[in-house]
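Colleague: Can you look at this prediction? I've put the sequence above it.
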Amino acid sequence: MLNNMRPVDEREFSRVLIEACSTNTPLEVVGGGSKQSIGRPMQTAANISSRALRGITLYEPHEMVMAARAGTPLMQIEEALAERGQMLAFEPVNLGLLAGAEQKQATIAGVFATNISGSRRISAGAARDHLLGLRGVNGRGDIFKAGGRVMKNVTGVDLCRGISGSWGTLAIMTEVTFKVLPAPEDTGTILLLGLPDAIAVEVLCAAMGTPYEVSGAVHLQPSMVARLWHDGLRQQGQAITALRVENFTKSVAYRSERLKEYFKAYGEIHELERKDSLSLWGELRQLSVLMGSDAPVWRISTSPAAGPKVVAAITAYMDCRAFYDWSGGLIWAEVLSTTDAGAADIRRVIATHGGHATLIRAESDVRAAVDVFQPLEPGVERISRKLKATFDPAGILNPGRMYPTF
Amino acid sequence: MSLVALPDPDRAVVARRDAIVEDLRRLVGPQAIIADEEGRRAYETDALTAYRRLPLAVALPSTTEEVSRLLRYCNQHDIKVVARGAGTSLSGGALPAEDALVIAVSRMSRVLEIDCVNRIARVEVGVTNLAISEAVKQHGFFYAPDPSSQLACTLAGNIGMNSGGAHCLKYGVTTNNVLGLKMVLMDGEIIEIGGSHLDAPGYDLLGLVIGSEGQFGIVTEATVRILRSAEGARPMLIGFNSSEAAGACVSAIIGSGIIPVAIEFMDRPAIHVCEAFAKAGYPMEAEALLIIEVEGSSDEIASLLAVITELAKPFKPRDVRISQSAEQSAAIWKGRKSAFGAIGRISDYYCMDGTIPLGKLAEVLVAISHICDKHGLKVANIFHAGDGNLHPLVLYDANDEKQAEKAELAGAEILELCVTSGGCLTGEHGVGIEKRDLMRVQFSETDLILQMRIKTVFDPKWLLNPAKVFPLDGREAARQDPQLAA
């Protein structure tokens, strides 16, 4: 078997995997390779990539559906959607940039394999909520399909969801079909400056409790603001709390006004028009505030109101800079590098406050030594291990990437 | 009508019924076990009434621990189990078996926690769908999935079937609105998946369990997302001279960038029955009707409805009526949500649930009417047009055995048509017993084995909700998976 295999169709994937299965040959599964340095380091004999499978195979804007071969670059997908005024509503963040990869490397299957969603997750759902169907090959070499191309489908077991977020450990996707949505006509942002974390998250949660369909609710600590690419915002020099409204122009104006009124007690409110709004949310998608450093980065999902408590607790143990997304429920925490990237303390904090944490950026020796993904409860762990065994009995697909035992 | 074969019950289990009932009473108390025939009779079917089986016994547990004791016992003694919510399944998902214990979660219906800051509610799953929205209404929130049976159906059943509803075009179906579950596995182990945060770690077990039709375990508690209600909502009615025009109008609206909160379709037969029932002001002369609802402030609603009115013009609508009051809006929705019941008052019907790509709407509707003509049956169409989820109601006389059989045949042909048109067998009602033998129309043997192996992961002895979802033949390969021995 050759290193760096790039099969050109699903039959070839099947042949390779049947052989790898029979010879117990572990393979590293990659798309464009943009997230290769995320997860536990693996010992594999070769890598197998879907990057040769390219091209949009179906696009029906009036049905809000697109299908593409697995290795189609995300950029190509998003350009095609933009031409028709549509978008991937879950706004995938560019994890690859964090890991030092180039933006153009990310593939559409990689987005679904990692289920990484951006700021609009709170209103539009996660990546996996948009995955309607897929074709793929499991670790036995079986070619299968799951789901379909229609918006509503409860026929059989929802394998699409099961496979989305499995980081290439259950099957290799060869084609994905997903829901796309109209891009909003207009975008506006209101900003509050200088709020401490706890107050800021109070604002974010309150905003989500209004009827104005806030589609982005973030809070950046001053140390994160200092890294923004947007000059005007970076120069504010204090914490930024931002709420995004997306809709028809008239509605954006109306809803922004209502939000300004609602939160006026929290201090002076600034407003970003369309261009600056797009620029801010665009760079947050690129995780700009986590660039320019190689300190460990954790991605923590918790209850929104628990967000500031989690950060305060981590900060009690180590130097920590935080970017809150999802109205406080998603924390990107950059911590001062320690031997374990703060894993022991952060896991303890999560155990107290609830949620889960994934180590996104760290040197490979650290990722080899600590739990990169959230350790699972015993019952869930056992089912997960069996799921892995049924999809991939020989353990050839990204073995150990998520969890040491499977 | 009974084209779908039900396996013979396990005589040995049935013969031990009295002893089993005694054991069950000891496990959860006599008040939680129904064993007399009259009592069991109430559980012999669900909303797919053509199929009936008297269960071995019925258990009504009050706690997760009781569910655990029941399942552990049944697993040890190889007794099959059928989980049940309110029994409103249209696909026979809750149909009992003579050798199976029904575990109904109806007594577990408490709302445990409402947290508006984090926008979640934690409930026991015997709670009805509507009761969740009612519980959070005072805070200005609601629970989004809204199946037509929401007054009666339980969250348990919604989770089992991954239920949708009229408003899921904008808000998604059950799987998009559940964050965490507490469930009991067949061996009695209680596990928790997810929680009150987004996107549980590891594999998406939540996504696998939701919509698994009671095949994987019995869910007892759930943490669901609640959403802030819009400032206001208002439906409009647009009547057309043809289904084609209505279908094209739906495409035009969605293509324009507007996602209404709901787009519902009715054809002429459905319009007439529903109007007679609800007096909603539906246009009686129209061949097809769209009910389109938008949300926002009153200005936003007015401007969206004006845009939609413009978008509809090329399709020559014959009636355009915007609801003028909350009462009118309620009547418009009452007509739609009670449509199945209203049609049920004039005829027996067989309700299909296929989904198709929206672009195929017109041709599929024509083909459906051909299929029904061929069998000499009438059909009424009511469905969620925005997402292509059809509900053709094939009308027949249940007392006429031939007609009943024809209805079932026509239904199967309609579902095959949905699949060959690029769609699927079921958009929201589930496979259950009804569509079990049609699964191969949509899935290859490999696809099915993959799914069935997951069943084996959760329920190695295949005791949960027997004879449903997967065709009876071809199960062995997935049951005997040596990989799952560990």
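Modeller: It's in.

Colleague: Okay, domains of the chain per the record?
Modeller: All of this refers to chain A. A:49-182, A:186-288, A:293-369 (automatic domain parsing).

Colleague: actually chain B
Modeller: B:11-104, B:111-228, B:233-339, B:347-438, B:443-484.

Colleague: Make a markdown table out of those domains and add distance to chain A and mean neighbour count.
Modeller: From N, CA and C alone the C-beta is placed, and that goes for glycine too. Shown next, in a markdown table, are those (distance: least, C-beta to the nearest C-beta, whole Å; neighbours: other C-beta atoms under 10 Å in any protein chain shown):
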| stretch | distance to chain A | mean neighbour count |
| --- | --- | --- |
| domain B:11-104 | 9 | 20 |
| domain B:111-228 | 3 | 23 |
| domain B:233-339 | 4 | 20 |
| domain B:347-438 | 4 | 22 |
| domain B:443-484 | 4 | 19 |
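
Colleague: Including mean pLDDT, could those go into TSV?
Modeller: Shown next, in TSV, are the domains of chain B (pLDDT from 0 to 100):
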stretch	mean pLDDT
domain B:11-104	97
domain B:111-228	96
domain B:233-339	93
domain B:347-438	93
domain B:443-484	92
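
Colleague: Give me the phi and psi for residue A:55.
Modeller: Backbone torsions of residue A:55, given as degrees, to the nearest 10, read phi 120, psi 140.

Colleague: tell me the contacts of it?
Modeller: Listed by C-beta atoms under 8 Å, 6 or more residues apart in numbering or on different chains, the contact set of residue A:55 reads A:68-69, A:72.

Colleague: same question, residue B:387
Modeller: Taking C-beta under 8 Å, 6+ apart as the test, what residue B:387 contacts is A:150-152, B:164, B:168-169, B:355, B:358, B:427.

Colleague: re the thing from before, which among the domains of chain B is found nearest to residue A:401?
Modeller: domain B:111-228 (12.1 Å; C-beta to C-beta).

Colleague: From what I see, residue B:194 and residue B:181 are in contact.
Modeller: Yes. Using C-beta atoms under 8 Å, residue B:194 is in contact with residue B:181, at 6.5 Å.

Colleague: so what sits against both of the two?
Modeller: Joint contacts of residue B:194 and residue B:181 (C-beta under 8 Å, 6+ apart) are B:206, B:223.

Colleague: What about the residue in the stretch 151-300 of chain A positioned nearest to chain B, how many residues nearby?
Modeller: For the stretch 151-300 of chain A, the residue closest to chain B is residue A:161, as judged by C-beta to the nearest C-beta, at 2.6 Å. Counted with other C-beta atoms under 10 Å in any protein chain shown, the neighbours of residue A:161 add up to 27.

Colleague: Confirm for me that it is in contact with residue A:130.
Modeller: No. Counting by C-beta under 8 Å, residue A:161 stays clear of residue A:130, with 10.8 Å between them.

Colleague: residues touching residue 148, list them.
Modeller: No chain specified, so I'll use chain A. Contacts of residue A:148 (C-beta under 8 Å, 6+ apart): A:132-133, A:155, A:177, B:355, B:422-424, B:442.

Colleague: Switch to chain B, please.
Modeller: Taking C-beta under 8 Å, 6+ apart, one finds B:165-166, B:336-340 in contact with residue B:148.

Colleague: Just to be sure, it is in a strand?
Modeller: No. With DSSP: H, G, I helix; E, B strand; the rest coil as the criterion, residue B:148 is coil rather than part of a strand.

Colleague: Please report how far it lies from residue B:291.
Modeller: 13 Å (C-beta to C-beta, to the nearest Å).

Colleague: Give me the common contacts of these two.
Modeller: With contacts defined as C-beta under 8 Å, 6+ apart, the residues adjacent to both residue B:148 and residue B:291 are residue B:336.

Colleague: Name the residue closest to the centre of the chain, please.
Modeller: Just going to use chain A. Nearest residue to the geometric centre of chain A (C-alpha atoms, centre = their mean): residue A:116, 1.8 Å.

Colleague: Switch to chain B, please.
Modeller: residue B:429 (3.4 Å).

Colleague: Could you look up the SS state of the nearest residue to that residue once chain neighbours are set aside?
Modeller: Distance criterion C-beta to C-beta, 6 or more residues apart in numbering or on different chains; nearest residue to residue B:429, sequence neighbours excluded, is residue B:353 at 4.0 Å. Residue B:353 falls in the coil class when you classify it by three-state DSSP.

Colleague: quick one: residue B:353 and residue B:424 touch, right?
Modeller: No. Residue B:353 lies out of contact with residue B:424 (C-beta under 8 Å); the separation is 9.3 Å.

Colleague: ok so, going back, now the residue of the stretch 151-300 of chain A closest to chain B: closest residue in space that isn't a chain neighbour?
Modeller: Using C-beta to C-beta, 6+ apart, the closest residue to residue A:161 is residue B:207 (2.6 Å).

Colleague: contacts with chain B among the contacts of residue A:55, please.
Modeller: Near chain B, judged by C-beta under 8 Å from any C-beta of the partner chain, there are no entries from the contacts of residue A:55.

Colleague: Tell me the one of those nearest chain B?
Modeller: Chain B lies nearest to residue A:68 out of the contacts of residue A:55, by C-beta to the nearest C-beta, at 16.5 Å.

Colleague: what about that closest one, how many residues close to it?
Modeller: Under the criterion other C-beta under 10 Å, the count of neighbours that residue A:68 has is 25.

Colleague: which residues does it form a beta bridge with?
Modeller: Beta-bridge partners of residue A:68, counted by DSSP bridges, are residue A:56, residue A:176.

Colleague: show me what contacts it?
Modeller: By C-beta under 8 Å, 6+ apart, the residues touching residue A:68 are A:55-57, A:77, A:108, A:175-176.

Colleague: Now render those as JSON lines, adding distance to residue B:313.
Modeller: Shown next, in JSON lines, are the contacts of residue A:68 (distance: C-beta to C-beta, whole Å):
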{"residue": "A:55", "distance to residue B:313": "37"}
{"residue": "A:56", "distance to residue B:313": "32"}
{"residue": "A:57", "distance to residue B:313": "34"}
{"residue": "A:77", "distance to residue B:313": "34"}
{"residue": "A:108", "distance to residue B:313": "37"}
{"residue": "A:175", "distance to residue B:313": "39"}
{"residue": "A:176", "distance to residue B:313": "37"}
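
Colleague: Give me the residues contacting the helix or strand of chain A with the lowest mean pLDDT.
Modeller: The weakest-scoring helix or strand in chain A, judged by mean pLDDT, DSSP states H and E, is helix A:95-98 (a mean of 84). Residues outside helix A:95-98 that contact it (C-beta under 8 Å, 6+ apart): A:32, A:34-35, A:38, A:102-103, A:105-106, A:114, A:116, A:286-287, A:290-291, A:297, A:360-361.

Colleague: can you do 7 Å?
Modeller: A:34-35, A:38, A:103, A:105-106, A:114, A:116, A:286-287, A:290-291, A:297, A:360-361 (C-beta atoms under 7 Å, 6 or more residues apart in numbering or on different chains).

Colleague: send the alpha carbons of the longest helix along chain B over as PDB?
Modeller: Counting residues, the longest helix found in chain B (DSSP state H) is helix B:401-420. Extracted C-alpha coordinates of helix B:401-420, given in PDB (Å, rounded to 0.1, in the frame of the first residue of the first chain):
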ATOM      1  CA  GLU B 401     -61.800  -5.500   3.000                       C
ATOM      2  CA  LYS B 402     -61.000  -5.200  -0.700                       C
ATOM      3  CA  GLN B 403     -60.900  -1.500  -0.500                       C
ATOM      4  CA  ALA B 404     -58.800  -1.500   2.600                       C
ATOM      5  CA  GLU B 405     -56.300  -3.700   0.900                       C
ATOM      6  CA  LYS B 406     -56.300  -1.400  -2.200                       C
ATOM      7  CA  ALA B 407     -55.700   1.600   0.000                       C
ATOM      8  CA  GLU B 408     -52.600  -0.100   1.500                       C
ATOM      9  CA  LEU B 409     -51.400  -1.100  -2.000                       C
ATOM     10  CA  ALA B 410     -51.900   2.500  -3.300                       C
ATOM     11  CA  GLY B 411     -50.100   3.800  -0.200                       C
ATOM     12  CA  ALA B 412     -47.100   1.600  -0.900                       C
ATOM     13  CA  GLU B 413     -47.000   2.700  -4.600                       C
ATOM     14  CA  ILE B 414     -47.100   6.400  -3.500                       C
ATOM     15  CA  LEU B 415     -44.200   5.800  -1.200                       C
ATOM     16  CA  GLU B 416     -42.200   4.100  -3.800                       C
ATOM     17  CA  LEU B 417     -43.000   7.100  -6.100                       C
ATOM     18  CA  CYS B 418     -41.600   9.400  -3.400                       C
ATOM     19  CA  VAL B 419     -38.400   7.400  -3.200                       C
ATOM     20  CA  THR B 420     -37.900   7.200  -7.000                       C
END
